[in-house]
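1. any chance you can model this:
(chains A and B)
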Amino acid sequence: MVGITSYGGYIPRLRLNRGAIYGANAWMAPGLIGSAGGEKSMANWDEDSLTMAVEASRDCIAGFDKIKIDATYFSSLNMPFQDRQNGGILATALNLKEDIETADFTGSTRAGLSAVIAGINAVKTGDYRNSLVAAGDRRITKMAYSHELWAGDGAASLLIGRENVIAEFKGAYTITDDFIDHFRGQGEKFDYNWEERWIKDEGIGKLVPKAIQGVLKKTGVDGKEISRFIMPCVFGRVPSEIAAGFGITADKVSDNMHKVCGDTGSAHPIVMLALALETASPGDKLLVATFGQGAVAMLFEVTDKIKNLSPRHGISGCLADKKAELNYIKFLSHRGMLQQDWMMRAEGNYKTALTTLYRSRKMILGMVGGKCKKCSTAQFPKSEMCVNPECGEIGTQEDCEFSDLPGTIKTYTSDLLTYTLDPPAHYGMITFENEGRGMFDFTDYEAGKIRVGLPVKMVFRIRNFDKPRGFIQYYWKAKPVISKEEV
Amino acid sequence: MADGIKDKVAILGMGCSRFGERWDCGPEQLMVEAFQECITDAGIDKSEIQAAWFGQCYDEIGTGKGALGLPFALRLPYIPVTRVENFCATGTEAFRGAVYAVASGACDIALAQGVEKLKDTGYGGLPAMDSVNSGSLVGQVMPNISAPGSFAQLASAYRAKFNISYEDLKKAIAMVSVKSHANGAKNPKAHLRKPVTLEQVMASPIIADPLGLFDCCGVSDGSACAIVTTPEIAKSLGKTDLVTVKALQLAVSNGQEQGYKDWDGSYFATTRQAAKRAYQEAGIQNPREEISMFEVHDCFSITEFVTYEDLFISPEGGATKDVMDGFFNADGKIPCQIDGGLKCFGHPIGASGLRMLYEMYLQLLGKAGNRQLSNANIGLTHNLGGFPFSNVNAISIVGRYK
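-> Numbers count the residues shown, from 1 in each chain, chains lettered A, B, ... in the order given. Model prediction:
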């Protein structure tokens, strides 16, 4: 049996109230009112498609043996790098083994499910024990455009394998058709979209049913047997209309999450699937379909094993951990859409020495430190000589992963002088459960709620943008874990 | 077995420029201003200087890399000149170079000069850390810190350790600044010469919580220098009232504070080490009773505050009481920052360690004008560079030669 063995999700903590977008743009685009309800997830300034996918994947593989992951496929419509394998960064951030196959899937909203199919096929061949599929999208749209309201930011991840399968893969059916609902040419920042009515009627309305019909026929399943119909679509009523054509009633149709986060692009079918898996029961048949230069439909059947999977933070956990944002200007700023005067301290040169990065890639991208074989002192970074003054042995340190260790704030400040895209900067010393420690930037903090002793979780984030060269520095930051009562 | 530096080297002369926003001066003019005072004080000819140590921290501004800045400015006659850099402790490093050279017998008369021209960056505060070391690992993993932000963290750890409220510590460190402003107002060479009230300090805009603007020292242009020789040569040159070096100690972090479990974030591990060694070198048993006056590295009020304890002058956890009692005021038991300190005299990085020594030197010789202390016998300077979690700590003790 091949199928999903675990899932994880990530939705950024910030949620922009769509009223803020509408309020700022109604003077020129009053029609936006139609989609202006609810809130959309909004990546922090230091989050992108990759960082979100890393977080979703950490959620997904928690408790699993990483050594047994033989392939990783990453999907996004907004890859941080055009040429530098993004999936390779993901694998390094997760500290996956070196002999692993990695690949990027992009260029269509269908790419997320294409990556899932590739992950399944990889396991089916028998060459790979498990494959990890991650999809993340931080979507950039023009201002005052309906897609600005529709699009959300988020990521999801699936672990595919043969053992302890929680949702068995039954079949997939793909239609490829160069139907251009939108495109983004080489070097362009924004999508160019064609008329919505045509996309709805001639594109989604015709191609998605073809794929669904294909997978139902292939698996011999009747539409009425479907327990959950998962289809991302910014046109809210369309999925129910398509489902109805197969005898799937409206109560089986998953909400498109417009109200709570928006459409997360190529990640969205997986985001919605991950959410559905949180509440799925053994025997449930999950039909996932999505549109994009054709369409794809996939069928899964939930097994008894789903009861054994330890709870994930998941999409619903992320949705609950939120901070409402009403500032549209801040949203635009976080996406690099504005030209503000950040003053001279912002003029710095953030060139990355690639030699240095490569030598220290495990430390910088994977947050791997050291543990002395002689005295057992855990330390970050890993170094030639043990930091314990009573030890000081040379060459005794083994790799020691720090990223998943609970941490605590030892010292901190809130700094208004240093340049950051979200002032004031917060940073300080973090001590870890294993008595290792280090100085780290903080992110996703609640200003005024930081204190010595506050627990933190380490998260993979953007450290700096090297704009003249188009490079992005990633590193780990401390995210304070603040209880609802403290907020 | 080494017996230390005590009384092996005398200060023949010192000079210090006016510190401040010296828009009309480059490093060259600042160095010449300090040097003229120094060479006149020393009573020798420039040609008698046999070697020089030049302290400048930021080579991105000022005179650039290398030692050329000093001999170019002073037209030194092809003598050995070494540029030293050790964060904000650079000035003391230049002094240490010159003192050790004389003590070793390698030369008879040596010059130590520091300079920094900070007001050519175009913005307030120290130059941003961004572009520094882009090829080094530090440039890829260092948190996005500023100087005030790194030192502000002492306050969070100190509060947690001694269970002090935010308000009480904020008030105690504010008193530190009030005292330094009162002193600086009397110093014609100081950058900031206005007394301030506790209310003003407390109400100043936050820079890095809990540090407000008045918890931060002046960012200044300036230069200071010393000419050193042996006590014997000084006497042969006709000097009768001698100030000699009693101790020169340096302690430098090795990653233990930020990498090993011991350090609690509330103090300077290096200061404690350097202080112990300096007291031993100078033969001081009880610093609270034997030190007449001291200059500490008050880049921020909280730095000065915890340093009282790290120098073993205030008992651990006892700095608040001493501050509130006025123990460090001009009329207190051990005046601290009698010249205004970094806070008000200003902080041209490479010059600061020498500026501290300059004030101790003036006080010991009774030349400190309207801020002259009575019974000035032993002076200590504490010159710190880096961050609380990793730093360079230089301590010197000077006193009358008996």
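2. would you agree A:Gly38 is in contact with A:Asp255?
-> No. Under the criterion of C-beta atoms under 8 Å, A:Gly38 lies out of contact with A:Asp255, with a separation of 10.9 Å. Where you see a C-beta, it was placed from the backbone N, CA and C, and this is true even at glycine.
3. neighbour-wise, which of those two wins?
-> In terms of neighbours (other C-beta atoms under 10 Å in any protein chain shown), A:Gly38 is the more surrounded of A:Gly38 and A:Asp255; the figures are 17 against 12.
4. so how far is A:Asp191 from the more buried one?
-> Taking C-beta to C-beta, to the nearest Å as the measure, A:Gly38 and A:Asp191 are separated by 22 Å.
5. B:Ala247 now?
-> The span separating B:Ala247 from A:Asp191 equals 70 Å under the rule C-beta to C-beta.
6. neighbour count winner among those two?
-> For B:Ala247 versus A:Asp191, neighbours defined as other C-beta under 10 Å are more numerous around B:Ala247 (24 against 18).
7. which residues does the more buried one contact?
-> Contact analysis of B:Ala247 by C-beta atoms under 8 Å, 6 or more residues apart in numbering or on different chains lists B:Gly4, B:Ile5, B:Lys6, B:Arg277, B:Ala278, B:Tyr279, B:Gln280, B:Glu281, B:Ala282, B:Ile395, B:Ser396, B:Ile397.
8. just the buried subset of these, please.
-> With burial judged by 16 or more other C-beta atoms under 10 Å in any protein chain shown, the buried subset of the contacts of B:Ala247 is B:Gly4, B:Ile5, B:Lys6, B:Arg277, B:Ala278, B:Tyr279, B:Glu281, B:Ala282, B:Ile395, B:Ser396, B:Ile397.
9. and those, which of them are in helices?
-> Secondary structure assignment (DSSP state H) places B:Arg277, B:Ala278, B:Tyr279, B:Glu281, B:Ala282 from these within helices.
10. close to chain A: what parts of the stretch 151-300 of chain B are there?
-> Residues of the stretch 151-300 of chain B that fall close to chain A, judged by C-beta under 8 Å from any C-beta of the partner chain: B:152-157, B:159-160, B:206-209, B:211, B:255-256, B:258-261, B:264-265.
11. please repeat the previous calculation with a cut-off of 6 Å.
-> Those residues of the stretch 151-300 of chain B that sit near chain A, judged by C-beta under 6 Å from any C-beta of the partner chain, are B:152-153, B:156-157, B:160, B:207-209, B:255, B:258-261, B:265.
12. could the residues you listed go into a markdown table alongside pLDDT and neighbour count?
-> Formatted as a markdown table, these follow (pLDDT from 0 to 100; neighbours: other C-beta atoms under 10 Å in any protein chain shown):
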| residue | pLDDT | neighbour count |
| --- | --- | --- |
| B:Ala152 | 98 | 29 |
| B:Gln153 | 97 | 29 |
| B:Ser156 | 97 | 27 |
| B:Ala157 | 98 | 22 |
| B:Ala160 | 97 | 18 |
| B:Ile207 | 97 | 26 |
| B:Ala208 | 97 | 28 |
| B:Asp209 | 97 | 24 |
| B:Gly255 | 96 | 14 |
| B:Gln258 | 95 | 20 |
| B:Gly259 | 96 | 26 |
| B:Tyr260 | 97 | 21 |
| B:Lys261 | 96 | 17 |
| B:Gly265 | 98 | 24 |
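13. and of these, the nearest to B:Pro71?
-> The shortest approach to B:Pro71 among these belongs to B:Gly255, at 36.0 Å (C-beta to C-beta).
14. skip the chain neighbours and tell me the closest residue to that closest one.
-> Excluding its sequence neighbours, the residue lying closest to B:Gly255 (C-beta to C-beta, 6 or more residues apart in numbering or on different chains) is A:Val387, at 5.8 Å.
15. before we move on, what about A:Ser281?
-> The shortest distance from A:Ser281 to any residue that is not its chain neighbour, by C-beta to C-beta, 6+ apart, is 6.4 Å, and that residue is A:Val302.
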